[in-house]
Structure formats: C-alpha cells, structure tokens
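A structural model of the following input is requested.
(4 chains)
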2 protein chains.
Amino acid sequence: MSRPKTATADLIYERLEGLVAEGRFADGERLDEVRLAAEFGVSRTPLREALRLLANAGLAEFIPNRGTFVRQPDFTRLVEMFEVMAELEAWCARLAAHRITSAELLLLRQAASLCERALGQKDYHRYYDENAAFHGIIYDAAGNGFLAEETRSMQRRLRPFRQAQLFAVDRLDRSMEEHRQILAALEARDAPKAEDLARAHLRIQSVVYQQLRG
Amino acid sequence: MSRPKTATADLIYERLEGLVAEGRFADGERLDEVRLAAEFGVSRTPLREALRLLANAGLAEFIPNRGTFVRQPDFTRLVEMFEVMAELEAWCARLAAHRITSAELLLLRQAASLCERALGQKDYHRYYDENAAFHGIIYDAAGNGFLAEETRSMQRRLRPFRQAQLFAVDRLDRSMEEHRQILAALEARDAPKAEDLARAHLRIQSVVYQQLRG
DNA sequence: GTCATCAAAATTGTACACAATTTTTTCCGT
DNA sequence: ACGGAAAAAATTGTGTACAATTTTGATGAC
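Numbering: from 1, shown residues only, chains lettered A, B, ... in the order given. The predicted structure is shown next:
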C-alpha cells in the first residue's frame, strides 16, 4: 500500500495555506510569483500550480495576467465558513441516522474509543486524526458518496483555521462528550437529534475560535 | 469595467470538463499530458494547470508522478451531486426567506421577468444566464457570503452535466412556474415552503437528466 | 514457466528562457 | 503643473529542455 507521494506543488500549497491562516498576508496582497518561488526554493512552475490551488480553495483570487491576490477571511467570513461546515455535518448526521449500518456503528464506537484514548494520553495530534476519522465515518454512513467527499473537502479547507482552537485542551473534554451524544443519537436512529447535535458540535468551535482570535 | 480575460489553462479546463461530461473518456482513463497538449495545441505547462483544476473539481484524480485519471461520474454519482446541489439551494432559500430585503425581492422579480422574456423569445442560452442570475440572487439573499460562493461554485461544477436537460424545452415552462412559486414563498417569508420548493426545483432536474441519459 | 532484476522507454516534475501583458516611469505638449 | 502618450520595467503566461520517476520489456536464475 504505497502512499502517493505529494508533489511539491501540494506542499507549497499547504505552506501558503498555513501562512494565509496565520494572517501573514494582508488582505488583497499580491502573491509575487518570483519572490515566493525564491522564498520556497522552487521554480515558478510548481509555485503557480500551488497558487491556483490556493485560489480554488477560496483563499486567494487568481486574476489572469494580473496575479493572485490573497483573500484574508475576516471574522465574519470565518463564522460563515464554520456555519456552512456545521450544516454539512448536520446533514450527514441526519442522513446517517437513517442509513447507518450496524457495521458502521461498530466502527464509530471504536473510533470514539480511539479518540478517548488519544485524549487520555494527551496525544493531541493523534486526537486530531482520530477525531477526523470519527467524523469521516459519519460522512460515509450518510450514504451519499459525493456529499461525503465534499464534506471532507470542506473540513480540509477549514483545517488551517481550526488549528488554534483544536488544541485548547479544555475544549476537548466537551468535544468527547458530544461525540458520545452523537453516537447515542445515531444508535437510536434519532435523526433530528443527531442533526442538532452535529450542528452544535461545530457551531461551538467557531465561537471558541472567536475567543482565541479576538 | 474590464472583464478579466481567462487564461488558456481555464479554457483548456472548460473543454476538458465538457469532454468528461460528454462521456468522452472512460472511467479511470489516464489523461496523457503530451497527447492532450498536442491535441489542444498548447504546451504541457498550461495543460497541467488545467488538469489540476479538473482534479480539484472532482472530475479527475491527480496522483503525483503517475498522472491524472478521469473520474467519470456514474448515474448514482450524478444523482448524489444533484442531491447535494438541491440541498444547498434549499438551505439558501430557507435562509433567504428570513433575511431577504425588499430591494433583493425587487431584483428577484425582475430576474424572474427576464427569465420569462428569454423563454418567450426562445433564447435558451440567455434563459440559462437569466436563470442563473435568479438563483444567484437567492444565494446572496441568504446572508452568508461563503455559502453563496460555495453554492455558485457547485452550480458551476454541475453545469456541464445539466446542459442536456436544460435545453429540454418542455422542462423550462415548469421551471418558470416553480420560479414564481419560490418567489411567492420568499415574499411571504415562508421559509419551510421556500426550502421545499427550492429542493424540489432541482430534484426534478436530476430526474430529467436520468431520462435523457438512460 | 515463474519470478526477480535490470535496462530501456515512456511519462511526469521542474527549471529556465522567452513571449505577452500589465504596471511604472519618463517625457513632451499644453 | 497637469495629462497623456510612449518608453521602460516589472510581472505573468507559455514553450522547451532536461531531471526524476514510473512503467514496460528483456534477460536470466531457479
């Protein structure tokens, strides 16, 4: 099972993504291709691919023959982004409550355990991964492969903006408790409850983010 | 107001998008960079950018050092895609019912008129644009800029797969009637109704698509 | 005959050069 | 001094060459 090595353009993209999320660029700032290429020690060819990815993710605007300009999300925009993510999560949870199989429920229970274990060991990076796995199972259980893909994609796009709050430890205990409630709702096939819980689960994160930033 | 000229990479992307939607490539087929570059009469540099855009849109998979492989959506996938689009439209409509301003309602009425006029003149290409404008107003009226962007983006991604059914003339009359109903629901600020109407509006399109393809 | 190994070919990845375009500066007329 | 046109500089767009990697095919051991 050979993992696909990520091309340099993707690596550059991730670094740029991080820089934008850190607020290292002013809103509307032009991302100079030659300067950044030199900074990253690569040529303009892969850098340009990274810039297009950045624009495609909504973190920059690519204007032909003019350049690509960063779109620094302001607080309002961040709230909007998390609101959309929350709604996607909620929809996945609602569908999953109807369609989830017993095998998937088993996987979900295991994933919840792995989350708890990682949390107990204070291995927050692993917790991040296990948490993503937990949610991923719900996406898949929704029974709409495209929705699962889009939700994962959105999760990935929001990732750089979640780093801060994800490692706020006191938040994690609450997160775990919410996982348990979501799991219970899915087991009970209580779609409205699962939907509301999933929505609230992420809604809170945006509030926490607000506290950390503001 | 100088429109930004689209770069060749974007043009190539649109052509590839069309080819995939037409089913010109088999699922999993590798998109040979040199062959396609020659075919489109460009070099590999812009073609590669187009391929990455294609992968980013979910129409292909880009595997480093291996190539990009088309992901021909099967019927199930198409239904899933339209289902997601329908839900986004529904959400926008629900939010819009709460938040839409009288100025936006005026715009919406005008947009609906322009749709009817285009339909009356059997100018289907203009109808397509006016129809997109009508829906775009609702996206904006939802009051979540990010959601509006994402919905527009999704609409754009689905476009190549809608061409067929959009020009099925008998469908258009029904579409117009649904526009009127949606407009009425928004004017009455009846969120549940607006949501359901918007969802049904697009749901039907996927069914029509089924008829045309199958 | 099957498998492993290695060479050859094909393909993707990237640097670089130059073309096309935009932005900045200079210079001139008023 | 102020605009405006033209030249110069800077920046993006793309073709091409070559490097890195993967795939294919040949060869030989067992």
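
in what helix or strand does A:E61 lie?
Taking DSSP states H and E as the definition, one finds A:E61 inside strand A:60-63.

partners of that strand in the sheet?
Listed by DSSP bridges, the sheet partners of strand A:60-63 and their directions read strand A:67-70 (antiparallel).

mind listing what's buried in the strand it pairs with?
Judged by neighbour count using 16 or more other CB atoms under 10 Å in any protein chain shown, the buried positions of strand A:67-70 are A:T68, A:F69, A:V70. From N, CA and C alone the C-beta is placed, and that goes for glycine too.

contact partners of the helix or strand hosting A:M154?
Assignment of secondary structure by DSSP H and E places A:M154 within helix A:145-166. Contacts of helix A:145-166 with the rest of the structure, by CB atoms under 8 Å, 6 or more residues apart in numbering or on different chains, involve A:17-18, A:20-21, A:57-58, A:73, A:78, A:81-82, A:84-85, A:88-89, A:91-92, A:95, A:124, A:128, A:132, A:135-136, A:139-140, A:142, A:171, A:205, A:208-209, A:212-213, B:58, B:76-77, B:80-81, B:83-84.

orientation of it relative to helix B:145-166 in degrees?
170 degrees (axes from the mean of the first three to the mean of the last three CA atoms, to 10 degrees).

correct me, but A:Y127 touches A:A112?
No - with contacts defined as CB atoms under 8 Å, A:Y127 does not count as touching A:A112, sitting 11.8 Å away.

ok, the two, which is more surrounded?
Using other CB atoms under 10 Å in any protein chain shown as the criterion, A:Y127 and A:A112 rank with A:Y127 on top: 24 against 20.

any idea how far the more buried one is from DNA strand C?
For A:Y127, the distance to DNA strand C equals 32 Å [CB to the nearest atom of the strand, to the nearest Å].

for that residue, which non-adjacent residue is spatially closest?
Distances taken as CB to CB, 6 or more residues apart in numbering or on different chains place A:A118 nearest to A:Y127, at 4.0 Å, with adjacent residues excluded.

if we can go back for a sec, and the strand holding A:E61 with DNA strand C, contact?
No - using CB under 7 Å from any atom of the strand as the criterion, no contacts between strand A:60-63 and DNA strand C are found, and the smallest distance is 8.1 Å.

neighbouring contacts of that strand?
The contact list for strand A:60-63 (CB under 8 Å, 6+ apart) reads A:V20, A:L31, A:L51, A:R52, A:L54, A:A55, A:T68, A:F69, A:V70, A:R71, B:P4.

give me phi/psi at the residue nearest to A:Y127?
Taking degrees, to the nearest 10, you get phi -60, psi -40 for the backbone angles of A:A118.

that one contacts A:F134, correct?
No - in this structure, A:A118 is not within contact of A:F134 by CB under 8 Å, at 10.7 Å.

so these two - more neighbours on which side?
Set side by side, A:A118 and A:F134 show more neighbours around A:F134, with 22 against 19, by other CB under 10 Å.

any quick PyMOL command for the buried ones out of the contacts of strand A:60-63?
Here is the PyMOL command that picks out the buried ones among the contacts of strand A:60-63, judged by 16+ other CB under 10 Å:
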select buried, chain A and resi 20+31+51+52+54+55+68+69+70+71
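
which bits of chain A sit near DNA strand C?
Proximity of chain A to DNA strand C, by CB under 7 Å from any atom of the strand, involves residues A:A7, A:T8, A:A9, A:G41, A:V42, A:S43, A:R44, A:T45, A:P46, A:E49, A:N65, A:R66.

what's the spacing between the second one and B:L147?
Computed as CB to CB, to the nearest Å, the A:T8 to B:L147 distance reads 33 Å.

so between the two, which is more surrounded?
Counted by other CB under 10 Å, A:T8 and B:L147 do not tie: B:L147 has more neighbours, with 21 against 18.

assess the claim that A:A185 and A:R199 are in contact.
No - in this structure, A:A185 is not within contact of A:R199 by CB under 8 Å, at 11.8 Å.

common neighbours of those two, please.
Common neighbours of A:A185 and A:R199 (criterion: CB under 8 Å, 6+ apart): A:A93.

how about the residues of chain A by DNA strand D?
Taking CB under 7 Å from any atom of the strand as the criterion, the neighbours of DNA strand D within chain A are A:5, A:30-34, A:44-45, A:48, A:64-68.

so which of the residues you listed belong to strands?
Secondary structure assignment by DSSP state E places A:G67, A:T68 of the residues of chain A next to DNA strand D in strands.

now, which of the residues of chain A next to DNA strand D sits nearest A:A191?
Distance from A:A191 was checked for each of those by CB to CB. The minimum falls on A:K5, at 41.2 Å.

for chain A, what lies in contact range of chain B?
Contacts of chain A with chain B, taken as CB under 8 Å from any CB of the partner chain, map to A:4-7, A:9-10, A:45, A:48-49, A:52-53, A:56, A:58, A:63-66, A:76-77, A:80-81, A:83-84, A:87, A:91, A:144-147, A:149-150.

which residues does whichever helix or strand A:L51 is part of contact?
Using DSSP H and E, A:L51 maps to helix A:44-56. Outside of helix A:44-56, the residues within contact range by CB under 8 Å, 6+ apart are A:7-10, A:12-13, A:16-17, A:20, A:31, A:33-34, A:36-37, A:40, A:60-62, A:68, B:9, B:45, B:48-49, B:52-53, B:56.

and if we set it to 7 Å?
For helix A:44-56, the external contacting residues (CB atoms under 7 Å, 6 or more residues apart in numbering or on different chains) are A:8-9, A:12-13, A:16-17, A:31, A:33-34, A:36-37, A:40, A:60-62, A:68, B:45, B:48-49, B:52-53, B:56.

and for stretch A:12-26?
Residues from elsewhere that reach stretch A:12-26 (CB under 7 Å, 6+ apart): A:F40, A:V42, A:P46, A:L47, A:A50, A:L53, A:L54, A:L59, A:V70, A:Q72, A:P160, A:F161.

what about 8 Å?
For stretch A:12-26, contacts defined as CB under 8 Å, 6+ apart pick out A:31, A:36, A:40, A:42, A:46-47, A:49-51, A:53-54, A:57, A:59-60, A:70, A:72, A:160-161, A:163.

CA atoms only: put that stretch into CSV for me.
Provided in CSV are the C-alpha atoms of stretch A:12-26 (Å, rounded to 0.1, in the frame of the first residue of the first chain):
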residue,chain,number,x,y,z
ILE,A,12,3.8,24.7,-1.3
TYR,A,13,0.1,24.9,-1.3
GLU,A,14,-0.1,23.7,2.3
ARG,A,15,2.5,26.1,3.4
LEU,A,16,0.8,29.0,1.7
GLU,A,17,-2.5,27.9,3.2
GLY,A,18,-0.9,28.0,6.6
LEU,A,19,0.6,31.4,6.0
VAL,A,20,-2.8,32.8,5.0
ALA,A,21,-4.4,31.2,8.0
GLU,A,22,-1.8,32.7,10.3
GLY,A,23,-2.6,36.1,8.8
ARG,A,24,0.8,36.6,7.5
PHE,A,25,-0.5,38.2,4.4
ALA,A,26,-2.6,41.3,4.2
